[in-house]
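# Next one to model:
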Amino acid sequence: MSAVARIYSLASRVAIWTREEDASTQAAFELIDQLCHRCTCLHEQLPTPNQIAEDPDLDVPPLDAQEWVKLFRFFKRPVSWRGWVIQ
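Down below sits the predicted model:
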């Protein structure tokens, strides 16, 4: 295991800079928040899109809604490669 992978695996919190907010950012974070309620354990297998769509307890937009497009745009954004560690 590389030193960087070891450091991140032991971190209690990791923050990344995803550049300036754009028109997709707020909707993407709202959808991420909704999806986080589905996976309460870090080791739980992530649900498939069909499982998400069929989950009556999960209040998320349909898979063809613009919120999903905005989420995908957010995840395609470049991130900064330089980091600073606050200890």
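# And the most centrally placed residue in the chain, which helix or strand is it part of?
Centroid-nearest residue in the chain, with CA atoms, centre = their mean: residue 32, separated by 5.5 Å. For residue 32, the enclosing helix or strand under DSSP states H and E is helix 25-36.
# Check the offset of that helix from the chain's centre.
8 Å (CA atoms, centre = their mean, to the nearest Å).
# what element comes up after that helix heading to the C-terminus?
helix 49-54.
# List of residues touching whichever helix or strand comes after that following helix?
Downstream of helix 49-54, the first helix or strand assigned by DSSP H and E is helix 66-75. Contact partners of helix 66-75, identified using CB atoms under 8 Å, 6 or more residues apart in numbering, comprise 18, 23-25, 27-32, 60-61. Bear in mind the C-beta positions are built from the backbone N, C-alpha and C, glycine included.
# let's go with 6 Å and repeat that
With contact meaning CB atoms under 6 Å, 6 or more residues apart in numbering, helix 66-75 is reached by 24, 27-28, 31, 61.
# Can I get the buried part of those as one PyMOL selection?
Selecting only the buried entries of those in PyMOL, with 16 or more other CB atoms under 10 Å as the criterion:
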select buried, resi 24+27+28+31
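# contacting residues for residue 27?
Residue 27 sits in contact with 67, 70, where contact means CB under 6 Å, 6+ apart.
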